[in-house]
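Asks: next comes the sequence, and after it the predicted model I'd like to discuss.
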Amino acid sequence: MPISISNVMISSKRPLGVTIIVSTVAVLVIIAGICIWGFTPSGDINIINVTQTPENPEPGDTITVIAEISGGSPFLGVSASLYCSGRRGGTVTSVDKNKYSFTFAYPFEDGTEKWYIINCCILLS
């Protein structure tokens, strides 16, 4: 039984079109899943641990505070800042994946009591 070329082309185009549609939908579903996973926070943002060096600073010492933070999302990082006397204080550097270091750039006089607040949130930009 002879096979017609037009029959072969028609039958091969239909499965190819369906395959392209199914593949496109599958890729879009995978991309949507990755976006949902990547932009969804993995839990509340928490400050796990805070350390200060030196523990008992002397006049003129540079004070470094390290905060360990959990939470956030894979695509949106966590932002951390330190407030001292009602304003942002010191420089912030990322020490590790979830650790941030704050260094007070100015020395303190003897007997000065310093309070600071560490704020952390999801980084949107």
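Replies: Perfect, thanks for sending it.
Asks: and the helices in the chain?
Replies: Ranges of helices in the chain, per DSSP state H, are 5-39.
Asks: for it, which spans come out with low pLDDT?
Replies: Along the chain, the model assigns pLDDT under 70 to residues 1-14, 41-42, 73-75, 77, 86-87, 89-90, 105-107, 123-125.
Asks: how is this structure divided into domains?
Replies: Domains of the chain are assigned by automatic domain parsing as 1-39, 46-122.
Asks: format those domains as TSV; extra columns: mean neighbour count.
Replies: The C-beta positions use only the backbone N, C-alpha and C, and glycine is treated the same way. Shown next, in TSV, are these (neighbours: other CB atoms under 10 Å):
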stretch	mean neighbour count
domain 1-39	9
domain 46-122	14
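Asks: who touches stretch 112-125?
Replies: Stretch 112-125 has contacts (CB atoms under 8 Å, 6 or more residues apart in numbering) with 41, 45, 47, 50, 63, 65, 67, 69, 72-73, 76-84, 89, 102, 104, 108.
Asks: cutoff 7 Å now
Replies: Residues from elsewhere that reach stretch 112-125 (CB atoms under 7 Å, 6 or more residues apart in numbering): 41, 45, 47, 50, 65, 67, 69, 72-73, 76-84, 89, 108.
Asks: now do stretch 43-51
Replies: The contact list for stretch 43-51, computed with CB under 7 Å, 6+ apart, reads 65-72, 78, 118, 120-122.
Asks: off-centre distance for that stretch?
Replies: Averaging C-alpha positions (CA atoms, centre = their mean, to the nearest Å) puts stretch 43-51 14 Å from its chain's average.
Asks: before we move on, what about stretch 17-29?
Replies: Put simply, stretch 17-29 sits 31 Å off its chain's centre (CA atoms, centre = their mean).
Asks: ok, which stretches of this protein are strands?
Replies: Using DSSP state E, the strands of the chain run over 46-53, 64-70, 78-84, 87-88, 91-96, 99-103, 116-122.
Asks: and of these, who's closest to V29?
Replies: strand 116-122 (25.5 Å; CB to CB).
Asks: next, the angle from that closest one to strand 99-103.
Replies: If you take axes from the mean of the first three to the mean of the last three CA atoms, to 10 degrees, strand 116-122 sits at 140 degrees to strand 99-103.
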